[in-house]
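**Q** how would this look folded up:
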Amino acid sequence: MLASDINATIYGNLSDSLYSGYASGKGIKSTSAYIISKKPVGDTLSGIVTAVLTLSDGTERPVVAPKNEIMYEPEIMERLSALRQVKVEKISCLYEKSCGAVILYEDKAENDIKILLVKNHNGRFYSFPKGHVELHESEKQTAIREVKEETNLDVEILDGFREISDYCPFGKIRKRVVFFLAKAKSNNIKIQESEIDSFVWVSLSKAEDTCSYDNDKRVIEKVRRYLREHKI
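**A** Alright, predicted model coming up:
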């Protein structure tokens, strides 16, 4: 149902940005829905299903938003907080956003710059530490927090580096990952065992061979270019 073209009829205003109504579309029977928007809406709305809620009674309820409005889970849930009598057990969102960092460590013993790669429980390949943005958090705040939680490293974000990876892993959910470049003063890792299976410090020259995702290889090449330009 996610991303389906929807015609919504609004019949109730629940808050400044949340409405109740009915939604219908191609292959979708008319069903009760919540409508959210960053701007006031009229009696009808042409939009997409930006999220699907599973409520405490097991029923599913679509959340409809205008086609040109991208909203992530924290923002959606903040708007749905006006539903004080409704308990959401699960939410599946069309758009997901994570932030993380390519972490550099200067190995003086080997006179080499190394990059940290981690393998999480849900992944088969090594990548960079990252995690979902929380409500009212900036992208850099998310990256620093996630690095600390997953590796126990305190890092310094370097200015002038911000790379975006957009992809659709299963053809429906649209994921965006924002990567920053950061320096670690220590290579002493303490992994978050509930999230991370393993980690490895690799030389920048070998990082692309260790990574499998094209997006990660592209980010590493951008790191090389940044380091050359900034003579690091």
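**Q** check the most far-flung residue of the chain relative to its centre and give its pLDDT.
**A** What lies farthest from the middle of the chain is Ala109; by Cα atoms, centre = their mean that is 36.2 Å. What the model reports as pLDDT for Ala109 is 81.
**Q** helix/strand/coil for it?
**A** Under DSSP: H, G, I helix; E, B strand; the rest coil, the three-state class of Ala109 is coil.
**Q** for it, phi and psi?
**A** The phi and psi values for Ala109, taken as degrees, to the nearest 10, are phi -60, psi -40.
**Q** could you do Glu73 as well?
**A** Main-chain torsions, Glu73, degrees, to the nearest 10: phi -50, psi -50.
**Q** going forward, begin numbering at 6 instead of 1
**A** I'll keep to 6 as the first residue from here, and by that count the last item is Glu78.
**Q** and it, what pLDDT?
**A** For Glu78, the model assigns a pLDDT of 96.
**Q** check contacts around it.
**A** 56, 96, 98, 101, 137 (Cβ atoms under 8 Å, 6 or more residues apart in numbering). Bear in mind the C-beta positions are built from the backbone N, C-alpha and C, glycine included.
**Q** isn't the third one up against Leu58?
**A** No. Counting by Cβ atoms under 8 Å, Cys98 sits too far from Leu58 to count as a contact (10.0 Å).
**Q** can you report how many residues neighbour Arg84?
**A** The number of residues packed around Arg84, counting by other Cβ atoms under 10 Å, is 20.
**Q** and it, that's in a helix?
**A** Yes. Assessed by three-state DSSP, Arg84 belongs to a helix.
**Q** check the offset of stretch 110-123 from the chain's centre.
**A** 27 Å (Cα atoms, centre = their mean, to the nearest Å).
**Q** contacting residues around it?
**A** 107-109, 131-134, 155-156, 158, 188-189, 191-192, 194, 196, 201, 203-209, 212, 215-216, 225, 228, 232, 237.
**Q** same check on stretch 161-176?
**A** So stretch 161-176 is contacted by 106, 144-145, 148-149, 179-188, 190, 220-221, 223-224, 227-228, 231, 235 (Cβ under 8 Å, 6+ apart).
**Q** need the buried ones from those residues selected in ChimeraX.
**A** With 16 or more other Cβ atoms under 10 Å as the criterion, this ChimeraX line picks the buried residues out of the contacts of stretch 161-176:
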select :106,144,148,149,179,181,182,183,184,185,186,187,220,221,224,227,228,231
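**Q** filter the contacts of stretch 161-176 down to just the ones in strands.
**A** 106, 179-188 (DSSP state E).
**Q** now for these: which two are most distant?
**A** In the ones in strands among the contacts of stretch 161-176, the most distant members under the criterion Cβ to Cβ are Arg179 and Lys188, with 31.2 Å between them.
**Q** tell me who's in contact with the closest residue to Ser217 other than its chain neighbours.
**A** Computed as Cβ to Cβ, 6 or more residues apart in numbering, the closest residue to Ser217 that is not its neighbour in sequence is Phe130, at 4.0 Å. Listed by Cβ under 8 Å, 6+ apart, the contact set of Phe130 reads 124, 216-218.
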